[in-house]
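Undergrad: Curious how this folds, go ahead:
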Amino acid sequence: MEQVLNLLLLRFGLLVGGLVVLALLVFAVALGLRRRGKLGAARRYAAPVARAMSRRLDDRGAARGRGASRGGGSLTGAALRAAARHLDDDGRGQRGRGTGR
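TA: Sure thing, here's the model as predicted:
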(Lines give C-alpha, C1' and ligand atoms only; values in the text may rest on other atoms or scores of the structure.)
Protein backbone atom coordinates (compact mmCIF):
# COMPACT_ATOMS: atom_id res chain seq x y z
CA MET A 1 0.00 0.00 0.00
CA GLU A 2 2.82 2.35 0.87
CA GLN A 3 4.44 1.77 -2.52
CA VAL A 4 1.21 2.68 -4.32
CA LEU A 5 0.89 5.90 -2.34
CA ASN A 6 4.52 6.77 -3.03
CA LEU A 7 3.97 6.14 -6.73
CA LEU A 8 0.85 8.34 -6.75
CA LEU A 9 2.69 11.09 -4.88
CA LEU A 10 5.60 10.89 -7.31
CA ARG A 11 3.24 11.04 -10.28
CA PHE A 12 1.45 14.05 -8.79
CA GLY A 13 4.76 15.80 -8.14
CA LEU A 14 5.95 15.22 -11.70
CA LEU A 15 2.65 16.48 -13.10
CA VAL A 16 2.69 19.65 -11.00
CA GLY A 17 6.37 20.21 -11.78
CA GLY A 18 5.66 19.87 -15.51
CA LEU A 19 2.80 22.37 -15.27
CA VAL A 20 5.01 24.86 -13.43
CA VAL A 21 7.73 24.52 -16.08
CA LEU A 22 5.11 24.98 -18.82
CA ALA A 23 3.72 28.09 -17.13
CA LEU A 24 7.22 29.56 -16.79
CA LEU A 25 7.90 28.83 -20.45
CA VAL A 26 4.68 30.55 -21.55
CA PHE A 27 5.51 33.52 -19.34
CA ALA A 28 9.03 33.78 -20.81
CA VAL A 29 7.67 33.67 -24.36
CA ALA A 30 5.06 36.33 -23.58
CA LEU A 31 7.69 38.54 -21.96
CA GLY A 32 9.99 38.14 -24.96
CA LEU A 33 7.16 39.02 -27.35
CA ARG A 34 6.28 42.06 -25.30
CA ARG A 35 9.85 43.32 -25.29
CA ARG A 36 10.03 42.98 -29.07
CA GLY A 37 6.67 44.72 -29.50
CA LYS A 38 5.00 41.72 -31.13
CA LEU A 39 2.59 40.79 -28.34
CA GLY A 40 -0.36 42.45 -30.13
CA ALA A 41 0.23 40.35 -33.25
CA ALA A 42 0.47 37.20 -31.14
CA ARG A 43 -2.86 38.08 -29.46
CA ARG A 44 -4.54 38.49 -32.85
CA TYR A 45 -3.34 35.03 -33.88
CA ALA A 46 -4.07 33.31 -30.56
CA ALA A 47 -7.64 34.56 -29.97
CA PRO A 48 -9.28 32.72 -32.91
CA VAL A 49 -7.35 29.55 -32.08
CA ALA A 50 -8.51 29.64 -28.44
CA ARG A 51 -12.11 30.27 -29.54
CA ALA A 52 -12.03 27.40 -32.03
CA MET A 53 -10.51 25.01 -29.50
CA SER A 54 -13.12 25.88 -26.86
CA ARG A 55 -15.92 25.27 -29.37
CA ARG A 56 -14.37 21.96 -30.39
CA LEU A 57 -14.03 20.80 -26.78
CA ASP A 58 -17.62 21.84 -26.02
CA ASP A 59 -18.92 20.01 -29.09
CA ARG A 60 -16.98 16.89 -28.19
CA GLY A 61 -18.31 17.02 -24.62
CA ALA A 62 -21.88 17.49 -25.84
CA ALA A 63 -21.51 14.55 -28.25
CA ARG A 64 -20.47 12.34 -25.34
CA GLY A 65 -23.47 13.41 -23.30
CA ARG A 66 -21.63 15.60 -20.84
CA GLY A 67 -21.00 19.25 -21.06
CA ALA A 68 -22.75 21.89 -23.09
CA SER A 69 -26.29 20.83 -22.17
CA ARG A 70 -26.04 21.57 -18.42
CA GLY A 71 -22.83 23.13 -17.20
CA GLY A 72 -21.94 25.17 -20.25
CA GLY A 73 -19.21 22.82 -21.46
CA SER A 74 -16.06 21.22 -20.25
CA LEU A 75 -13.71 22.81 -17.78
CA THR A 76 -11.02 23.01 -20.46
CA GLY A 77 -13.46 24.64 -22.86
CA ALA A 78 -14.40 27.17 -20.20
CA ALA A 79 -10.74 27.98 -19.58
CA LEU A 80 -10.13 28.44 -23.30
CA ARG A 81 -13.23 30.67 -23.61
CA ALA A 82 -11.89 32.81 -20.77
CA ALA A 83 -8.51 32.99 -22.49
CA ALA A 84 -10.13 34.00 -25.79
CA ARG A 85 -12.21 36.65 -24.01
CA HIS A 86 -9.08 37.99 -22.34
CA LEU A 87 -7.22 38.04 -25.67
CA ASP A 88 -10.14 39.81 -27.37
CA ASP A 89 -10.42 42.39 -24.60
CA ASP A 90 -6.68 43.09 -24.70
CA GLY A 91 -6.65 42.30 -20.98
CA ARG A 92 -7.98 45.75 -20.12
CA GLY A 93 -11.58 45.65 -21.28
CA GLN A 94 -10.76 47.49 -24.50
CA ARG A 95 -12.62 45.34 -27.00
CA GLY A 96 -12.46 46.62 -30.54
CA ARG A 97 -10.01 49.45 -29.89
CA GLY A 98 -6.55 49.13 -31.32
CA THR A 99 -3.88 50.52 -29.03
CA GLY A 100 -1.21 50.35 -31.71
CA ARG A 101 1.21 48.43 -29.54
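Undergrad: now the helices for the protein?
TA: Listed in chain order, the helices of the chain (DSSP state H) span residues 2-36, 39-63, 75-88.
Undergrad: and the angle from the longest one to helix 39-63?
TA: It stands for helix 2-36. Helix 2-36 and helix 39-63 are oriented at 140 degrees to each other (axes from the mean of the first three to the mean of the last three C-alpha atoms, to 10 degrees).
Undergrad: Tell me the confidence at Leu14?
TA: The model reports Leu14 with a pLDDT of 96.
Undergrad: let me redo that: Ala68
TA: 47.
Undergrad: quick revisit: reformat the helices of the chain as CSV; add mean neighbour count.
TA: Using the backbone N, CA and C atoms, a C-beta is placed for each residue, glycine as well. Output for the helices of the chain, formatted as CSV (neighbours: other C-beta atoms under 10 Å):
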stretch, mean neighbour count
helix 2-36, 10
helix 39-63, 15
helix 75-88, 17
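Undergrad: Show me how the chain divides into domains.
TA: The chain breaks down by automatic domain parsing into domains covering 1-37, 39-96.
Undergrad: Comparing these by mean pLDDT, which bottoms out?
TA: Confidence, taken as mean pLDDT, is least for domain 39-96 of these (a mean of 70).
Undergrad: Can you tell me the closest non-neighbouring residue to Ala83?
TA: Counting by C-beta to C-beta, 6 or more residues apart in numbering, Ala50 is the residue found nearest to Ala83 once chain neighbours are left out, at 4.7 Å.
Undergrad: Now do the same contact list for the residue nearest the centre of the chain.
TA: The chain has Leu80 as the residue nearest its centroid, 4.9 Å off, counting by C-alpha atoms, centre = their mean. Leu80 is in contact with Ala50, Arg51, Met53, Ser54, Leu57, counting by C-beta atoms under 8 Å, 6 or more residues apart in numbering.
Undergrad: wait, which of the residues you listed is closest to Ala23?
TA: Nearest to Ala23 among these is Ala50, at 16.4 Å by C-beta to C-beta.
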